[in-house]
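**Student:** the sequence isn't on hand, but the structure is:
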């Protein structure tokens, strides 16, 4: 395949915990702890997981709203992990972030014309006439009439506001859109409209999407591949159909079992315990510690980086989360210095 639009390798984002104004940090919140994935042009990678697992932190690291503490982010083959703010201007047009709530993402004191045109003005693109023509073209692409130009965000519905956000994101002709819960604040019929619009634009423009959501039914509808995140790490990644048909990690199975159906929640698998604290987590399997698995402590020192268990299907080699057959297939062995209690 051609070069990926986005390539993330061992991305980490650790926040210091300070107990007072002048005290040094002696603890760290490991919000993202060694995440890796790639996205190609025209492809959508869905990123799912419980609240607090680090999904939105990944998004903010990718667009450098947060400064990663480790790993690398390559956009169109260029390492942008530690570029200065000045040099980041060169890549801003290639990647855009869309937030969850369109009402908060739009300036209430600007009309639609200026909201969409502003990114082009900041980057010094074209003149007033060419920018106005592009604004009209973008409005048409997202299904809004030209009469919207002079209106303000409060005059639109939630779905229309999200369309305005999409038009603004497309003003630079980006290669990648990072979509952080883009439809979770919308009603179900409006969700479908916005999702169909995003998929249509992807087909037309060859865009790459990182689609972050907690709604697994939505993710299945839009994604080519799905990555499951737990406690700051990716524990499973596969093609969407493969992952939903045959999940290998116990956490993935628990998430899928909790998806509501028309008849109620089928095959409920209640995940016991609370999500682990990201502050200096216990060594070894975070999932194993959560469910009190007897091998949890024995996994300390075990490399839980996802490995390929089937072609294109990657899963963390965690004996606390895999079936005995998968453990045997992967040849997982515990560190010699550890033994199950």
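**Tutor:** Okay, I see it. This structure is a prediction, so every number in the text was calculated from the model and none was measured.
**Student:** what helices and strands are in contact with the host helix or strand of residue 130?
**Tutor:** Following DSSP states H and E, the helix or strand that holds residue 130 is helix 128-141. Here helix 128-141 touches helix 112-122, helix 158-169, going by 3 or more C-beta pairs under 8 Å, 6 or more residues apart in numbering; DSSP states H and E. Where C-beta positions appear, they are placed from N, C-alpha and C, glycine not excepted.
**Student:** got the buried residues for that helix?
**Tutor:** 131-132, 134-135, 138-139, 141 (16 or more other C-beta atoms under 10 Å).
**Student:** next, format those residues as JSON lines and append pLDDT and distance to residue 17.
**Tutor:** Below are these laid out as JSON lines (pLDDT from 0 to 100; distance: C-beta to C-beta, whole Å):
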{"residue": "131", "pLDDT": "92", "distance to residue 17": "46"}
{"residue": "132", "pLDDT": "92", "distance to residue 17": "49"}
{"residue": "134", "pLDDT": "93", "distance to residue 17": "46"}
{"residue": "135", "pLDDT": "94", "distance to residue 17": "45"}
{"residue": "138", "pLDDT": "93", "distance to residue 17": "43"}
{"residue": "139", "pLDDT": "92", "distance to residue 17": "46"}
{"residue": "141", "pLDDT": "90", "distance to residue 17": "45"}
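**Student:** nearest to residue 151 among those residues?
**Tutor:** Of all these, residue 151 sits closest to residue 139, with 11.0 Å by C-beta to C-beta.
**Student:** rewinding a little: most packed of the helices and strands packed on helix 128-141?
**Tutor:** Stretch with highest mean neighbour count among the helices and strands packed on helix 128-141: helix 158-169 (a mean of 23; mean count of other C-beta atoms under 10 Å).
**Student:** avg pLDDT for that helix?
**Tutor:** The average of the pLDDT scores along helix 158-169 is 92.
**Student:** ok, now how distant is the residue lying closest to residue 181 once chain neighbours are set aside from residue 76?
**Tutor:** Spatial nearest neighbour of residue 181, excluding adjacent residues (C-beta to C-beta, 6 or more residues apart in numbering): residue 100 at 3.9 Å. Distance, residue 100 to residue 76, by C-beta to C-beta, to the nearest Å: 26 Å.
**Student:** ok, residue 200 next?
**Tutor:** Residue 200 sits 23 Å away from residue 76, going by C-beta to C-beta.
**Student:** so between those two, which is more surrounded?
**Tutor:** The residue with more neighbours, out of residue 200 and residue 76, is residue 76; 16 against 13, by other C-beta atoms under 10 Å.
**Student:** was I right to think the more buried one contacts residue 2?
**Tutor:** No: look at residue 76 against residue 2 with C-beta atoms under 8 Å: they stay out of range, at 10.7 Å.
**Student:** ok, back up a step: can you redo the helices and strands packed on helix 128-141 as CSV with distance to residue 331?
**Tutor:** Formatted as CSV, the helices and strands packed on helix 128-141 follow (distance: least, C-beta to C-beta, whole Å):
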stretch, distance to residue 331
helix 112-122, 51
helix 158-169, 45
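**Student:** and of those helices, who's closest to residue 327?
**Tutor:** Using C-beta to C-beta, these put helix 158-169 closest to residue 327, at 43.6 Å.
**Student:** so which elements touch that closest one?
**Tutor:** Using 3+ C-beta pairs under 8 Å, 6+ apart as the test, helix 158-169 ends up in contact with strand 95-98, helix 102-105, helix 112-122, helix 128-141, helix 188-205.
**Student:** contact partners for the residue nearest to residue 181?
**Tutor:** By C-beta atoms under 8 Å, 6 or more residues apart in numbering, residue 100 lies in contact with 180-182, 184-185.
**Student:** how far away is it from residue 156?
**Tutor:** 17 Å.
**Student:** these two touch, right, residue 97 and residue 66?
**Tutor:** No: between residue 97 and residue 66 there is no contact under C-beta under 8 Å: 11.5 Å.
**Student:** show me which residues of stretch 283-300 are buried.
**Tutor:** Buried residues in stretch 283-300, counted by 16+ other C-beta under 10 Å: 284-291, 293, 295-299.
**Student:** oh, that last question was meant for stretch 78-97, not what I typed.
**Tutor:** Buried positions in stretch 78-97, judged by neighbour count with 16+ other C-beta under 10 Å: 80-81, 83, 91, 93-97.
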